[in-house]
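Trainee: missing the sequence, but the structure's below:
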């Protein structure tokens, strides 16, 4: 039987196309604004990717924070909360109910707030000043797949990127066979550079959540500074984006498998999602219901 996660992964080409149509939303950060992007779990990693992309595109200084650690709305030695230095705070929250995100938004005074969510019937709709709803990308699975990539597709298109090639790449990614050696691999290290480091973090999280796999994530140039010591037979180093020169050879000389493809890094993340599900099935796990997790973390007061 096909799981919800598999169905949601397969729907991503269509979701990305719909997101592109919404890229003109006036609720999203404007060029020149200083922006803080916040989220929890997957949304924090997507925030990291978007922050790097927005700065690279010249749209303005952009910082990404885990909502629980964001230095916003707090007064230290000054009478002016640090949040006042941001023109806008962008909150990423699939459920619209995550405690840390809602508490942060409530603390912000005088700073414009926008939320991207999948559920229009949640508290974030009234707490944020403006909201973009991607209800077509909502998910039944606890594990985020299509909502994560769809909100990043929206944000990339808003920055002026043409996602035609990315959508073509993801159409192939959802249908290509999954190599058996990846399903049986002992360990994965995901690498990224610039905006794709956030994707590497998210790839590792998907492997942990869906398949309880030993996974790590690093900036690609940092991998030689210690982490490469775990490379070896049965272990995979997976690059999202363009690999640094010579790194593939270093991993292979250590006996490890090195994966890199000339495709859009978001489409490569989708391949990782599919491998994670295949590994879950191989272990008798339910990728829709990962152990110890719920759709949203709602903390008791």
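Mentor: Looks like it came in fine. Only a predicted model underlies this, so the values are computations on that prediction, with no experimental measurement involved.
Trainee: just so I have it, where are all the strands in the stretch 201-301 of the chain?
Mentor: All strands of the stretch 201-301 of the chain, identified by DSSP state E, counting those that start in this stretch, fall at 214-219, 235-240, 257-259.
Trainee: Roughly how far does residue 122 sit from residue 91?
Mentor: When distance is defined by CB to CB, to the nearest Å, residue 122 is 12 Å away from residue 91. No exception for glycine: its C-beta is placed from N, CA and C like everyone else's.
Trainee: Name the residue in the two with the higher neighbour count.
Mentor: Neighbours per residue, other CB atoms under 10 Å: of residue 122 and residue 91, the larger number sits with residue 91, 30 against 21.
Trainee: Now that one. Nearest residue, chain neighbours left out?
Mentor: Leaving aside its chain neighbours, residue 91 sits nearest to residue 115 (4.4 Å; criterion: CB to CB, 6 or more residues apart in numbering).
Trainee: mind listing what that neighbour touches?
Mentor: The contact partners of residue 115, by CB atoms under 8 Å, 6 or more residues apart in numbering, come to 90-93, 96, 101, 105, 124-125, 127-128, 130-132.
Trainee: ok, 10 Å please
Mentor: With contact taken as CB atoms under 10 Å, 6 or more residues apart in numbering, residue 115 is in contact with 27, 38-39, 89-93, 96, 101-102, 105, 122, 124-125, 127-133.
Trainee: Mind checking which of these land in helices?
Mentor: 101-102, 105, 124-125, 127 (DSSP state H).
Trainee: Tell me the residues that contact both of residue 122 and residue 91, please.
Mentor: Applying CB under 10 Å, 6+ apart, one finds that residue 122 and residue 91 are jointly contacted by 98, 102, 115, 131.
Trainee: And the residues you listed, which is closest to residue 201?
Mentor: The shortest separation between residue 201 and any of those is 17.8 Å, and it belongs to residue 98 (by CB to CB).
Trainee: re the thing from before, looking at the strands of the stretch 201-301 of the chain, which is buried most?
Mentor: A comparison of those by mean neighbour count, using mean count of other CB atoms under 10 Å, puts strand 235-240 on top with a mean of 25.
Trainee: how far is it from where the chain is centred?
Mentor: Taking CA atoms, centre = their mean, to the nearest Å, the mean C-alpha location of strand 235-240 is offset from the chain mean by 17 Å.
Trainee: Repeat that for stretch 53-73.
Mentor: The mean C-alpha position of stretch 53-73 is separated from the chain mean by 14 Å, CA atoms, centre = their mean.
Trainee: got the buried residues for that stretch?
Mentor: By neighbour count, with 16 or more other CB atoms under 10 Å as the criterion, the buried positions of stretch 53-73 are 53-55, 59-60, 62-68, 70, 72-73.
Trainee: what do you get for stretch 280-288?
Mentor: Residues 280-281, 285, 287-288 are the ones in stretch 280-288 that count as buried (16+ other CB under 10 Å).
Trainee: same question, stretch 20-35
Mentor: Neighbour-count burial for stretch 20-35, counted by 16+ other CB under 10 Å, picks out 20, 22-23, 27-29, 33, 35.
Trainee: what's the closest of those to residue 157?
Mentor: When the buried residues of stretch 20-35 are compared against residue 157 (criterion: CB to CB), the nearest one is residue 23, at 3.6 Å.
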